[in-house]
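Trainee: Here's a sequence, model it:
(2 chains)
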Amino acid sequence: MSFAYALAGLLGLCLAWAVVRLVREARQRRALLAWLRDTASAELPDGDDAWREVFSAQRQLQKENRRDLAQLTMRLERFLKATQAIPDGVILLDADDRIEWHNRVAGEQLGIALEDDQGTLIVHLFRYPVFLSYLRRFRSGEATEDGLSLELGTPPRQFLVRLLPVANQGSLLLLRDVTDMVRTERMRVDFVANVSHELRTPVTVISGFLEQMTCDEPPQGEDAKRFLAMMSDQAGRMRRLIEDLLTLSRLEGESRLVSEDEIVMPTMIAELIEEADALSSGRHTVTCGEVEPVNLFGNPEELRSAFANLLSNAIRYTPEWGEITVRWQVHEGKPVFSVQDTGIGIASDHIPRLTERFYRVDRGRSSSSGGTGLGLAIVKHVLSRHGGCIKIDSTPGRGSTFSAMLPAERLRR
Amino acid sequence: MNTHSSSQFDADLDAVRAQLTQMGGLIEEQLKDAIRIITTHDQASVEQIIRNDKAVDALEIEIDDACLHLIARRQPTAVDLRLIMAIVKAVKDMERIGDEAKKIAKAVRKINERGLIGGQASEVDLRHLGDQVTPMVHDVLDAFVRSDADLALSVMRKDRDIDNLFRGCVRQLVTFMMEDPRTISTALDLVFVAKSLERIGDHAKNIAESVIFIAQGRDVRHMGDAALEG
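Mentor: Reported below is the predicted structural model:
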């Protein structure tokens, strides 16, 4: 009997224990479910027994997830920052050519903003007919070109527009500002054309005379002498041009100033004026204005050629009986070499372009003046190598003043 | 844009809008070329502008047709109907802008044939006028695409400046004509160019009114400035 009671008691205990277990399990399960459902809750509830392991495994998983997310966010941010640093405009288009994303540069270039224009068809805002046809050809796989050259904005700038396919779908629209590249290319082409033109003119003259000299009845006596003198003139012109070109290329090629020395300026100016007098052969009055007894530190040959260029320009562009004054002064501690003339002067819109190679204010005068068109370009280069610059003041019809401005540290007292 | 129960309607509307922006791109280009040739007198561009105008006209007919079909088949109401009506109106104005660009090209062709006598100074002013009109057309098309009433309003305000510039140009041309009768024929052609540019400004303003009609549902035609701001 007592055995039966003991059994019943045991069973009762077992039952009670099972009920307690069940209730606890249910509580733990509820806690887990509540945690799983509530996305905002960060901390896991405490558990016991087998649940403790489940919870700790979950906790581990959660930790890893958080770390992965943080890493991913960081990478995405870095990636976005990197694309913002690209100097070209980048626009990501979806499969229907709607704007999905763009970087800051593209926004500025096209005047678009992601918050307003996300999902807008690109052709609605980028309406160039040539782009539309490029986009159509790109979509149908017929586009063979590497890109599209387009002028955008005011003032217009030259852009290279390219579409690139993106792996799964959609495409990438790239906008590169090539204005400066185009300008440089144009300058290169112009330079080659100018050099060829300047060299061909004397060659044409010389070969013309040579033809006459080698014909059946070549000119004799005075005529022949005159022809030879003209040919020699032209040959001299070619030589000067080639010398100037070589000087320019040397100036550009050497990055550092070599063989610098102290130049006794009053002596150099006296020599320069003597040379100028010879060049003018009495047609102009070349006078020496204020010359301060200070010296200059720099490359003597280069500076001499720069100053001589300024003087010969003044003589070339000043009519007979004009006056040319050379000055060597110190302005606010900085040395200035200037040449003032009473010549034809230069209109203000030409002044910024004067130091460009072969730039001529008056194309018709270029050959009569005898210059190579490279003089001021050389002056500008020499001065900038010495840390200085050229300053031009001019009034048409009244005359000009060309000043070589040099830095204070080149002054030697 | 709003979502419709009929996605076919959306697709049709998108097609019409795509045609509209295509036409917009074309007239912007025509206008830019027309303004450039005022000073450059580039004969090849003159002929090209006159040729391209046919494409503008063809697009006008196409879009009108598409809009008619849309109304007949889908019987749109409220905002959809407003949008389609506005498109029909805007297309008319855009076609006129194309026409004015063609007129400028024809005037330049005449000047080229006769040789320019005087008027170089006015050409620069006309180009300046043109440079004010071009961004108006660009902005109003942007405003149309984005249903941006504020941008449309700013375009409407700019039209007043254009009118003032136009009067200045004409005054200057009249002075030239009085000073030297030889310049009269050139100056007259240039007056027509100025008038065309001024008209383009007006058409841009009309399109801006349509944009405000779409975006806000209010009709701002023939309103004083005070009413406009409100």
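Trainee: For residue A:149, identify the helix or strand it belongs to.
Mentor: According to DSSP states H and E, residue A:149 maps onto strand A:148-152.
Trainee: can I get the CA coordinates of that strand in CSV?
Mentor: What follows is strand A:148-152 as a C-alpha-only set of coordinates in CSV (Å, rounded to 0.1, in the frame of the first residue of the first chain):
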residue,chain,number,x,y,z
LEU,A,148,30.3,61.8,-77.6
SER,A,149,31.8,65.3,-77.8
LEU,A,150,29.3,67.8,-76.5
GLU,A,151,29.3,71.5,-75.5
LEU,A,152,27.4,72.1,-72.2
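Trainee: Tally up the residues packed near the residue of chain B found nearest chain A, please.
Mentor: With C-beta to the nearest C-beta, the shortest gap between chain B and chain A falls at residue B:25, namely 3.0 Å. From N, CA and C alone the C-beta is placed, and that goes for glycine too. Neighbour count of residue B:25, defined by other C-beta atoms under 10 Å in any protein chain shown: 20.
Trainee: picking up where we left off before, which outside residues touch the strand holding residue A:149?
Mentor: A:109-110, A:128, A:130-131, A:134, A:157-162, A:175, A:178 (C-beta atoms under 8 Å, 6 or more residues apart in numbering or on different chains).
Trainee: partners of the following helix or strand past it, with directions?
Mentor: Next along the chain after strand A:148-152, taking DSSP H and E as the criterion, comes strand A:157-165. Applying DSSP bridges, strand A:157-165 is found paired with strand A:148-152 (antiparallel), strand A:171-177 (antiparallel).
Trainee: Nearest to chain B among the contacts of strand A:148-152?
Mentor: If you rank the contacts of strand A:148-152 by distance to chain B using C-beta to the nearest C-beta, residue A:128 comes first, at 5.6 Å.
Trainee: Would you format the strands paired with strand A:157-165 as TSV with mean pLDDT included?
Mentor: Formatted as TSV, the strands paired with strand A:157-165 follow (pLDDT from 0 to 100):
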stretch	mean pLDDT
strand A:148-152	85
strand A:171-177	91
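Trainee: which of those is buried the deepest?
Mentor: Highest mean neighbour count of these: strand A:171-177, a mean of 19 (counted as mean count of other C-beta atoms under 10 Å in any protein chain shown).
Trainee: roughly how far out does the helix or strand that contains residue A:328 sit from the chain middle?
Mentor: Element membership for residue A:328, per DSSP H and E: strand A:323-331. In terms of C-alpha atoms, centre = their mean, to the nearest Å, the centre of strand A:323-331 is found 36 Å from the chain centre.
Trainee: Show me what secondary structure element comes after it.
Mentor: That would be, after strand A:323-331 and using DSSP H and E, strand A:334-341.
Trainee: Which residue ranges of chain B form helices?
Mentor: Per DSSP state H, chain B carries helices over the ranges B:7-40, B:43-74, B:78-114, B:120-146, B:149-179, B:184-216, B:225-229.
Trainee: So which of these is nearest residue A:336?
Mentor: Nearest to residue A:336 among these is helix B:120-146 (37.6 Å), distances taken as C-beta to C-beta.
Trainee: And the residue nearest the centre of the chain?
Mentor: Picked chain A for this. residue A:180 (6.0 Å; C-alpha atoms, centre = their mean).
Trainee: that's the wrong chain, I wanted chain B
Mentor: The centre of chain B sits closest to residue B:97, judged by C-alpha atoms, centre = their mean, with a distance of 3.6 Å.
Trainee: Can you check what angle separates the host helix or strand of the residue nearest to the centre of chain A from strand A:148-152?
Mentor: Assigned by DSSP H and E, residue A:180 belongs to helix A:179-213. Put simply, helix A:179-213 runs at 110 degrees to strand A:148-152, going by axes from the mean of the first three to the mean of the last three C-alpha atoms, to 10 degrees.
Trainee: Pull out the buried residues from the following helix or strand past helix A:179-213.
Mentor: Using DSSP H and E, the next helix or strand after helix A:179-213 towards the C-terminus is helix A:221-253. Residues of helix A:221-253 classed as buried: A:227, A:231, A:234, A:237-238, A:240-241, A:244-245, A:247-248, A:251 (neighbour count, 16 or more other C-beta atoms under 10 Å in any protein chain shown).
Trainee: hmm, back to that, how confident is the prediction for the residue nearest to the centre of chain A, by pLDDT?
Mentor: For residue A:180, the model assigns a pLDDT of 88.
Trainee: How about the one 5 residues further on?
Mentor: On pLDDT, residue A:185 comes in at 89.
Trainee: And for residue B:93?
Mentor: In this model, residue B:93 is scored at 94, pLDDT.
Trainee: Leaving out sequence neighbours, find the closest residue to it.
Mentor: residue B:203 (4.2 Å; C-beta to C-beta, 6 or more residues apart in numbering or on different chains).
Trainee: surely that neighbour meets residue B:90?
Mentor: No - the pair residue B:203 / residue B:90 is not scored as a contact, 9.3 Å apart, by C-beta atoms under 8 Å.
Trainee: returning to that earlier point: dump the strands paired with strand A:157-165 to CSV, plus distance to residue B:140.
Mentor: Shown next, in CSV, are those (distance: least, C-beta to C-beta, whole Å):
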stretch, distance to residue B:140
strand A:148-152, 18
strand A:171-177, 23
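Trainee: Quick check: the residue of chain B closest to chain A vs residue A:125, distance?
Mentor: Distance, residue B:25 to residue A:125, using C-beta to C-beta, to the nearest Å: 10 Å.
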